[in-house]
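# Got a predicted structure plus its sequence, pasted below:
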Amino acid sequence: MQLVCRDNGKTIADSIEPAVTFFARLKGLMFRRQLSIGGGLYLHPCKAIHTFFMKFPIDVLYLDKDWKVVGLEEQLESGRVGKIFPNITSVIELKSGSIKKKGIQEGQTLELLK
């Protein structure tokens, strides 16, 4: 799936994997060697994340029910717990550096396209 910004039409990531079952969310990105450029993971439902057992840092987008970005976290290192934001229903984990490179900001509305 492709992740785009509804506000400006820009593509944020080309290859977002859904993690919508309990076991897919539990596994997440753990034990992977890396996350490809343009790749990411969509976790739903999800209110909080961690990076235990991960081998690389990630950028994190925290989304509300309307897919509005209500929180951002850049370069979350391995072995950490992500920030807590109110009204989160889903999270997108991206390759570290994606937020800055793509100019993602709080308040933008995103969309997943198949």
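Everything's here; your move. Numbering: from 1, shown residues only.
# C-alpha only now, for contacts and for neighbours.
Will do.
# Residue 62 contacts residue 70, correct?
Yes. Using C-alpha atoms under 8 Å, residue 62 is in contact with residue 70, at 5.8 Å.
# Touching both of these two, which residues are there?
Common contact partners of residue 62 and residue 70 (C-alpha atoms under 8 Å, 6 or more residues apart in numbering): 85, 88.
# who has more neighbours, the two?
residue 62 (29 against 18; other C-alpha atoms under 10 Å).
# show me the residues around the closest residue to residue 38 other than its chain neighbours that make contact.
Spatially, and ignoring its direct neighbours in sequence, residue 38 is nearest to residue 13 (4.3 Å; C-alpha to C-alpha, 6 or more residues apart in numbering). By C-alpha under 8 Å, 6+ apart, residue 13 lies in contact with 2, 3, 4, 37, 38, 39, 40.
# try 7 Å
2, 3, 38, 39 (C-alpha atoms under 7 Å, 6 or more residues apart in numbering).
# quick one: which of the residues you listed is nearest to residue 94?
residue 39 (6.5 Å; C-alpha to C-alpha).
# Just list the residues touching the closest one, thanks.
Neighbours of residue 39 in contact, by C-alpha under 7 Å, 6+ apart: 13, 14, 15, 16, 94, 95.
# What average pLDDT does the top strand by length along the chain get?
The residue-count maximum for a strand in the chain (DSSP state E) belongs to strand 69-76. Average pLDDT, strand 69-76: 98.
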